[in-house]
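In: after the sequence you'll find the predicted model.
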Amino acid sequence: MKTLLLLEWMKVRKYRAFWVFLILFIVAIVGINGALYSIQSHLQTAAHGQAHLDLFDPPQLWSTTAWASGFSVLLLGLLLIVLITNEYTYRTRRQQVIDGLSRKQFIMGKWLVAACFLLFSWLVYIAVTLVLGTTASAGGDLMEGFGYAGYFLLKVALSLSVAFMFAIWLKRAGLAIALYLVYVLLLESIIGYLLNLMIAGMGFFLPLAAGGKLVSNPVSRVMPEMDHSGISAISLVITCLIYLIVFIYLSLLYIRRADL
Amino acid sequence: MPSILSLQQITKFYGALCALDQVSFEVPAHSIFGILGPNGSGKTTLLGTVTDVLKPASGTYRWFEKPPDHRLRKQIGTLLETPNFYPYLSAEDNLYINAAIKGCDRKEVARVLRLVGLSGRSRSLFRTFSLGMKQRMALASAMLGDPPVVVLDEPTNGLDPVGIADIRALIQQMGENGKTVIMASHLLDEVEKVCTHVAILKKGKLLASGPVSEILTSEEVIEMAATGMDRLREVISAHPAVKTARLSGDTLQVVLNTPVESEALNRYCFDHQIILSLLRKKKKSLELKFIELTGEPVLKNK
C-alpha cells in the first residue's frame, strides 16, 4: 500500500492541474463558509440585534459548515476524474500493468487517491469550522454537534466515488467531467423527484442525495416543516455505506475483466 | 530447453472479429524470437494478451513455466505498441515511476537512459520528445532492472536508419548476453537478420513457428517464359509436381512440390505445344517465401 501511495505521489507531485485544483478547493471552501457567515452578520445588523441567527453556534455550527463545504467537493471530484482519465489518455494504466502492477493494485491506487482527497477535505472542513466557531459563535462547547463531521465524511466519500465511477466508465476526461456535472447538478435531482412521486422519500436513496440529505441545508432545520421526509439518519448512513461497497466492488469487477 | 513463454490455444475476439485463432507456440530460453506478420495479423494483440492488458476469450499462457502472475511481469521488460508516459513529467521522472513498479533501483534510470543515448535529455519533459526519442525512451524503460526477458513490439518503429541499426545491435547484444528477446515485426528482413526463432501470424492464425533456419529457408524456384504466358501458366499449373505458378513481370515463377528435372519440364511444355524462351532454376527469395506464407502479395499478380 505504501508503494501504491508513493507511485500516485510521483505521478501528481509535478502535475500543475493537481495543485491548481487543490488550491481552488481551499479557496472555495473558505469562500463559501465565509460568505455564509457574512450574510448572517449582515442580516443581524439589519435586524438591529432583534433577531439572533445561530448558524455558527454549536451545535448548528458543524452542520452548517458541512452543508456549505459540500459544494467545494465538486472540485475534488473533477480532479479525481482528471487523474483517472489521464491514465487512459496517456495509456499509462496499460504500461503499469505491463510493468508488473496487478490490475487490482492499479485500481486500488486510485481508491487510495480518493481516500487521500477525503481525508484532506475533512481536515480542511474541520479547520474552517473551528476557526469560524471560535470567531463567530456566541459561546458553548465547540465540539457539540461534531457528529456532523462524520456525515460530512460520508457525503464527500459518496461524491468522490460517483466521480470515480464516471471516470472508469467513460475513460475520457471531457465526457466524464461533462456527464458528472450534469448528473450532480441536474440529473440526480430529476430522477430523485420522479422517484419521490412514485414512493415518497425514495429519491433520498440515490447516491448523492443520501449523502447530501445527511448534511442538508440549514434552512430546512430552521424551518422543520420543510423537511417532511421522515427518513432516519441511520437508514441514510447505511445506504451510503452500501453504495461505497458496491462502487468499490464494481470497479474491481470491471478492472478484472476489461481490456486495458 | 526450458520454455520462457508458452501459449496454449489463445483465442481473442474484438466483437465479431477473430483477432487470434487458437494460437499455440513455445518461446525457448535464450532465443531471439520474432513474431512476424503483416499489419493487423494479431501481433500486438498476442503480446497484449501475454502481458495481461488484454483478456483472451479462451486459452492459457505460462511465463517461466508458471501460471500468469503480475510479479512475474516485473522480470519482463516490455515495449508494447506505443511509448506510454506522462507528457508533463521529464524522462527521468517518468522512468522513476516504472522503476518503482518493477522494484528496481533508481540508479537504473541513468544507466538505461545512457544505453539508448538519451542521457543529455533526461530532464526534458516527455512531451517535448520526437517520435524517435519517445521510442528510445520506451526501450530504456523495457531495459530497467536488466530483465532476463525483453518483449518488444515493432522496436524500430519511427527510428531513423542509424537508430534502427543501434536498436538491432542492442537486441543482438541482449541475445549474446543470454537474454530472451521476443519481438514483433512486420519486416521479414528484420526478423531474418536478428532472430533465431520465428512464429508467423496471418489474420490471427499461426502459420508456422520454429527456428528461423527451418521456417525461412529459401527453396528453389523455376523461372519460365514463352510467348503466350497465360497459356503457359495454364499448362504448367496442370503439372502434378507444381505447387504454385505465379506471373511476376515477364516471367512465370514456379514452385514445385517434388523435384523435377529441367529437361522433363521442357519436354512437358513442348508436348503441350509450348516452346519455352526461358527456363532457369534460381533460389527463392525470402520475400517470396513470406508472401507465400502470408498470402499478401506485394505486387498484384493475375
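Out: That came through, no problem. Given the structure is predicted, the values throughout are model-derived calculations rather than measurements.

In: quick one: least confident helix or strand in chain A?
Out: helix A:218-222 (a mean of 62; mean pLDDT, DSSP states H and E).

In: tell me who's in contact with residue 36.
Out: Going with chain A. Listed by Cβ atoms under 8 Å, 6 or more residues apart in numbering or on different chains, the contact set of residue A:36 reads A:55, A:64, A:68. For every residue, glycine as well, the C-beta is placed using N, CA and C.

In: hm, I was asking about chain B
Out: Applying Cβ under 8 Å, 6+ apart, the residues near residue B:36 are B:184, B:185, B:186, B:188, B:191, B:198, B:199, B:200, B:201, B:290.

In: mind checking which of the residues you listed are in strands?
Out: Among the contacts of residue B:36, the ones falling in strands (DSSP state E) are B:184, B:185, B:198, B:199, B:200, B:201.

In: next, residue B:65: phi, psi?
Out: Dihedral angles of residue B:65 (phi, psi; degrees, to the nearest 10) stand at phi 60, psi 30.

In: hmm, it is touching residue B:6, no?
Out: Yes. At 7.4 Å, residue B:65 counts as touching residue B:6 under the criterion of Cβ atoms under 8 Å.

In: residues from the stretch 101-250 of chain B in reach of chain A?
Out: Residues of the stretch 101-250 of chain B found near chain A (Cβ under 8 Å from any Cβ of the partner chain) are B:101, B:102, B:103, B:141.

In: contacts only, for the third one.
Out: Taking Cβ under 8 Å, 6+ apart as the contact definition, residue B:103 lies against A:100, B:74, B:145.

In: let's see it at 7 Å
Out: residue B:74 (Cβ atoms under 7 Å, 6 or more residues apart in numbering or on different chains).

In: just checking, what packs against the helix or strand containing residue B:138?
Out: If you go by DSSP states H and E, residue B:138 is part of helix B:131-142. Here helix B:131-142 touches strand B:76-79, helix B:91-102, helix B:107-115, going by 3 or more Cβ pairs under 7 Å, 6 or more residues apart in numbering or on different chains; DSSP states H and E.

In: could the ones you listed go into a markdown table alongside mean neighbour count and distance to residue A:231?
Out: Output for the helices and strands packed on helix B:131-142, formatted as a markdown table (neighbours: other Cβ atoms under 10 Å in any protein chain shown; distance: least, Cβ to Cβ, whole Å):
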| stretch | mean neighbour count | distance to residue A:231 |
| --- | --- | --- |
| strand B:76-79 | 26 | 52 |
| helix B:91-102 | 22 | 46 |
| helix B:107-115 | 17 | 56 |
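
In: in a markdown table, list those along with mean pLDDT.
Out: As requested, the helices and strands packed on helix B:131-142 are exported to a markdown table (pLDDT from 0 to 100):
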| stretch | mean pLDDT |
| --- | --- |
| strand B:76-79 | 92 |
| helix B:91-102 | 95 |
| helix B:107-115 | 93 |
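
In: neighbour count: residue B:65 and residue B:6, which is higher?
Out: residue B:6 (18 against 10; other Cβ atoms under 10 Å in any protein chain shown).

In: so what's the more buried one bridging to?
Out: Judged by DSSP bridges, the bridge partners of residue B:6 are residue B:26, residue B:62.

In: list the contacts of it.
Out: B:26, B:61, B:62.

In: helices along the stretch 101-250 of chain B, start to end?
Out: Secondary structure of the stretch 101-250 of chain B (DSSP state H, counting those that start in this stretch): helices located at B:107-115, B:131-142, B:161-176, B:188-194, B:212-215, B:229-237.

In: highest mean neighbour count out of these?
Out: helix B:131-142 (a mean of 23; mean count of other Cβ atoms under 10 Å in any protein chain shown).

In: run the chain-centre distance for that helix.
Out: Centroid separation for helix B:131-142 versus its chain: 19 Å, with Cα atoms, centre = their mean, to the nearest Å.

In: doesn't residue A:45 lie inside a helix?
Out: Yes. Checked against DSSP: H, G, I helix; E, B strand; the rest coil, residue A:45 lies within a helix.

In: distance check, it against chain B.
Out: When Cβ to the nearest Cβ, to the nearest Å is the yardstick, residue A:45 and chain B sit 49 Å from each other.

In: residue contacts, that residue?
Out: Listed by Cβ under 7 Å, 6+ apart, residue A:45 has no contact partners.

In: point to the residue nearest the middle of chain A.
Out: residue A:156 (2.4 Å; Cα atoms, centre = their mean).

In: right, and it touches residue A:116 too?
Out: No. Using Cβ atoms under 7 Å as the test, residue A:156 is too far from residue A:116 to be in contact (11.8 Å).

In: on that earlier part again, tell me which of the contacts of residue A:36 fall in helices.
Out: Counting by DSSP state H, the contacts of residue A:36 place A:64, A:68 in helices.

In: near chain B, which residues of the stretch 1-150 of chain A are found?
Out: A:3, A:6-7, A:10-11, A:14-15, A:90-92, A:94-102 (Cβ under 7 Å from any Cβ of the partner chain).

In: ok so, going back, would a markdown table of the contacts of residue B:36 with pLDDT be doable?
Out: A markdown table is the format used below for these (pLDDT from 0 to 100):
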| residue | pLDDT |
| --- | --- |
| B:184 | 93 |
| B:185 | 90 |
| B:186 | 87 |
| B:188 | 84 |
| B:191 | 86 |
| B:198 | 91 |
| B:199 | 92 |
| B:200 | 90 |
| B:201 | 90 |
| B:290 | 69 |
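
In: of the residues you listed, closest to chain A?
Out: residue B:184 (14.0 Å; Cβ to the nearest Cβ).

In: contacting residues around the residue nearest to that closest one when sequence neighbours are not counted?
Out: Once flanking residues are discounted, residue B:184 sits nearest to residue B:43: 3.8 Å by Cβ to Cβ, 6 or more residues apart in numbering or on different chains. Listed by Cβ under 7 Å, 6+ apart, the contact set of residue B:43 reads B:35, B:37, B:153, B:184, B:201.

In: most neighbours of all those residues, which one?
Out: residue B:35 (30 neighbours).

In: which residues touch residue A:244?
Out: A:157, A:161 are the contacts of residue A:244 under Cβ under 7 Å, 6+ apart.

In: what about it, which helix or strand?
Out: Using DSSP H and E, residue A:244 falls in helix A:233-257.

In: next: residue B:60.
Out: strand B:58-63.

In: what's next to stretch A:92-110, contact-wise?
Out: So stretch A:92-110 is contacted by A:4, A:7-8, A:84, A:87, A:251-252, A:255-256, A:260, B:51-53, B:70-71, B:73-74, B:78, B:80, B:84-86, B:98, B:101-102 (Cβ under 7 Å, 6+ apart).

In: what about residue B:82, which SS state?
Out: With three-state DSSP as the criterion, residue B:82 reads coil.
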